[in-house]
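Colleague: sequence and predicted structure are below.
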Amino acid sequence: MTAAVTASRHDAGNIEYEAHQVDGQPGTFVVLERWESRGALEGHLGAPRMRELVPRLLELMDGTVEDGIRFLQPFRPAQ
């Protein structure tokens with residue numbers, strides 16, 4: 001996780017990249033990422049360090065990376 005966070009914040013198109021450890025669950029993380037576009041996210045995932053890191057993370061994860069990804073849309077109710 002440490003290897004991903006700081007470097008990812010400097011990837012092209014990154015708006016926000018924050019890792020949070022789940023309270024009371026050491027080693028369980030939620031990562032909130034904001035990217036300018038889906039293409040910027042794909043560029044990040046294709047970066048050499050991520051191609052090296054993802055297989056290592058998969059060894060520690062339950063499920064797949066795709067199982068954990070949720071794409072969010074801003075919710076701005078009409079006033």
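Modeller: That came through, no problem.
Colleague: distance of the closest residue to Leu57 other than its chain neighbours relative to Ala12?
Modeller: Nearest residue to Leu57, sequence neighbours excluded (CB to CB, 6 or more residues apart in numbering): Val65, at 7.3 Å. C-beta here means a position set from N, CA and C on the backbone, and glycine is covered the same way. According to CB to CB, to the nearest Å, Val65 and Ala12 sit 20 Å apart.
Colleague: next: Leu32.
Modeller: Distance from Leu32 to Ala12, by CB to CB: 19 Å.
Colleague: in a helix, that's where Leu72 is, yeah?
Modeller: No: using DSSP: H, G, I helix; E, B strand; the rest coil, the assignment for Leu72 is coil, not a helix.
Colleague: and it, how many neighbours does it have?
Modeller: 8 (other CB atoms under 10 Å).
Colleague: strands of this structure, residue ranges please.
Modeller: With DSSP state E, the ranges of strands along the chain come out as 14-21, 29-35.
Colleague: tell me which residues of the helix ranked longest in the chain are tucked away?
Modeller: Ordering each helix of the chain by length in residues (DSSP state H) puts helix 48-60 first. Buried residues in helix 48-60, defined by neighbour count with 16 or more other CB atoms under 10 Å: Met50, Leu53.
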